[in-house]
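Chemist: below: sequence and its predicted model.
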Amino acid sequence: MRVLITGATGLVGKELVKQLHEKGVEVNYLTTSRSKIESKPNYRGFYWNPEASQLDVEALKGVSKIINLAGASVAQRWTPSHKKAILNSRVDSLHTLKSALESHEHEVDHLISASAIGLYNDSLTRFHEEDDFEQGDNFLSKVVEEWEAAADDFEALGLEVSKIRIGVVLAEEGGALEKIKQPIEKYVGAPLGDGKQWQSWIHVHDLARLFVYIMEHQMEGVFNGVAPNPVNNEVLTEAIANQLEKPLILPKVPAFVLKLMLGEMSSIVLGSQLVSSKKTLSTGFQFRFSQLKPALQDLL
């Protein structure tokens, strides 16, 4: 089997490539940097420029599945230009892939696209399931809505479409854990806001396994990419501090301070999404890290 991956060099992409190679699956990947193009038997790079709708169609040769992880980071100051990049990078990537499939012969039968729990409304009490949820009314929610609609367009080409709404990804390097860990290590860590906001997290190893599982079982539809036991921000911060054996000396960082510092982007750290993994578990998928403490022990 050969799989085409966008975003293969990112946080989730690296772990996904590693797991696919362990299973003997060959990977083609798309990159916007010609200097990052490699050509190994099981790992071949191809140039693309989604902003200009350009894609080297050689990337589609022998490919039966596409895993789409492309998208500009949301953890960067939300200037008007970066907000545009957050949306366009996600939608343009899918439009470019779809155009390539429409205009060239291919063997692709399944698209598995990243999405995000940012679609869900900010709430301390609402338990969001894939097909039973309240949609948020903010920038990230609107981005996810357009992102998923662009993925759904592939159904018109006869492809099966899967979308994984990803939660807070915990990884050894990069991502949310690193950003929480750094101030704790410098003795300036503290819960954010009132600390009650829910953090529906997932270990990066399990997230990559979920992409592979959905691919191998050819499962269609939407799946929440979160572990079964979400925690609030205060519990998460304290658990990381305990694992690092560092005290939390400072009081909680008030919400108004975060809003002054981060502006609209503060919704990432102050937003509360309590998200269910029931549907994911019902498929037979088993999390290796379903509890926070073992996940942190593995990563820290």
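Modeler: Structure's in. What do you need?

Chemist: check the gap between the nearest residue to residue 270 once chain neighbours are set aside and residue 143 for me.
Modeler: The shortest distance from residue 270 to any non-neighbouring residue, by C-beta to C-beta, 6 or more residues apart in numbering, is to residue 193 (4.9 Å). Backbone N, C-alpha and C define where each C-beta goes, glycine included. Remark: distance between residue 193 and residue 143 (C-beta to C-beta, to the nearest Å) = 22 Å.

Chemist: same deal with residue 241?
Modeler: Taking C-beta to C-beta, one finds residue 241 at 32 Å from residue 143.

Chemist: wait, a helix at residue 241?
Modeler: Yes. Secondary structure of residue 241 (DSSP: H, G, I helix; E, B strand; the rest coil): part of a helix.

Chemist: so what's it up against?
Modeler: 184, 189, 247, 248 (C-beta atoms under 8 Å, 6 or more residues apart in numbering).

Chemist: likewise for residue 277?
Modeler: 224, 226, 227, 228, 287.

Chemist: let's see it at 7 Å
Modeler: Counting by C-beta atoms under 7 Å, 6 or more residues apart in numbering, residue 277 touches 224, 226, 227, 228.

Chemist: TSV for the residues you listed, including pLDDT?
Modeler: Listed next are the contacts of residue 277 as TSV, based on pLDDT from 0 to 100:
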residue	pLDDT
224	98
226	98
227	98
228	98
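
Chemist: just the buried subset of the residues you listed, written out for ChimeraX, thanks.
Modeler: A single ChimeraX command selects the buried members of these (16 or more other C-beta atoms under 10 Å):
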select :224,226,227
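
Chemist: and the contacts of residue 277 as CSV, adding distance to residue 200 and secondary structure?
Modeler: Shown next, in CSV, are the contacts of residue 277 (distance: C-beta to C-beta, whole Å; DSSP: H, G, I helix; E, B strand; the rest coil):
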residue, distance to residue 200, secondary structure
224, 8, strand
226, 4, coil
227, 8, coil
228, 10, coil
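
Chemist: using the three-state scheme, assign residue 74.
Modeler: Of the three states, residue 74 takes coil under three-state DSSP.

Chemist: tell me which element the residue lying closest to it once chain neighbours are set aside is part of?
Modeler: For residue 74, ignoring the flanking residues on the chain, the nearest one in space by C-beta to C-beta, 6+ apart is residue 86 at 5.8 Å. Residue 86 belongs to helix 80-103 when elements are defined using DSSP states H and E.

Chemist: secondary structure element holding the spatially most distant residue from the centre of the chain?
Modeler: For the chain, the residue at maximal distance from the C-alpha centroid (C-alpha atoms, centre = their mean) is residue 249, at 31.7 Å. Using DSSP H and E, residue 249 sits within no helix or strand.

Chemist: and it, what does it touch?
Modeler: residue 187.

Chemist: which parts of the stretch 51-200 of the chain are strands?
Modeler: 54-55, 65-68, 110-116, 127-128, 160-166, 168-170, 198-199 (DSSP state E, counting those that start in this stretch).

Chemist: just checking, what packs against the third one?
Modeler: The reference is to strand 110-116. For strand 110-116, the elements it packs on are strand 65-68, helix 139-152, strand 160-166, helix 204-216, judged by 3 or more C-beta pairs under 7 Å, 6 or more residues apart in numbering; DSSP states H and E.

Chemist: any idea of the mean pLDDT for that strand?
Modeler: Throughout strand 110-116, pLDDT has a mean value of 98.

Chemist: neighbouring contacts of the least confident helix or strand in the chain by mean pLDDT?
Modeler: Using mean pLDDT, DSSP states H and E, the weakest-scoring helix or strand in the chain turns out to be strand 39-40, at a mean of 94. Strand 39-40 has contacts (C-beta under 7 Å, 6+ apart) with residue 45.

Chemist: would you give the sheet partners of that strand, along with the direction of each?
Modeler: Sheet pairing for strand 39-40, assigned by DSSP bridges, gives strand 43-49 (antiparallel).

Chemist: show me how far the strand it pairs with is from its chain's centre.
Modeler: From the chain centre to the centre of strand 43-49 is a distance of 21 Å (C-alpha atoms, centre = their mean, to the nearest Å).
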